[in-house]
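Q: need the 3D shape of this:
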Amino acid sequence: MEIKKIDLDFSICKVKEYSMVNLESEYCFIGRTDEENSLVCITGNVPENTIEREDGWKAFRIQGVLDFSLIGILSKISALLAENNIGIFAVSTYNTDYILTKEENYSKALDVLSKAGYRIV
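A: Predicted coordinates for the structure are as follows:
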């Protein structure tokens, strides 16, 4: 299985509402619940109406389109990283899963996955 590095800096935010979010950005993940409006975006695209934010995240994705019948892909990756004391923030889309780690753990995470047999591209 291939892991694709994304060479950008990301922020995880809580926003008042989404009117200032750049939905045309290459990467923009939003989620709304009864408690919050969440946003994961490129750090340079954090909107002014952000209530809280955490910068310093890097990302990679499972390359290709994953069939919904596939089970345990994200679980295996998160378990490998947890065993190596690497926390994650995961975002799932229709096609695949994106995994974010803090910048200081990014190289280590990719190294752990490479040693476990994942091809890093």
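
Q: for the chain, name the helix or strand with the lowest mean pLDDT.
A: helix 73-83 (a mean of 90; mean pLDDT, DSSP states H and E).

Q: could I get the full set of helices for the protein?
A: Applying DSSP state H to the chain gives helices spanning 73-83, 106-115.

Q: buried residues, the last one. List them.
A: Put plainly, it is helix 106-115. 106, 109-110, 112-113 (16 or more other Cβ atoms under 10 Å). All C-beta spots, glycine's among them, are computed from the backbone N, C-alpha and C.

Q: also the longest one?
A: Burial within helix 73-83, assessed by neighbour count using 16+ other Cβ under 10 Å, is assigned to 74, 77-78, 80-81.

Q: tilt between that helix and helix 106-115?
A: For helix 73-83 against helix 106-115, the angle by axes from the mean of the first three to the mean of the last three Cα atoms, to 10 degrees is 120 degrees.

Q: summarise which helices and strands helix 73-83 is packed against.
A: With contacts taken as 3 or more Cβ pairs under 8 Å, 6 or more residues apart in numbering; DSSP states H and E, helix 73-83 sits against strand 50-62, strand 89-92, strand 97-102, helix 106-115.

Q: where in this protein is pLDDT low?
A: Judged by pLDDT under 70, the chain has its weakly predicted residues at 64-72.

Q: so how far is stretch 95-113 from its chain's centroid?
A: 8 Å (Cα atoms, centre = their mean, to the nearest Å).
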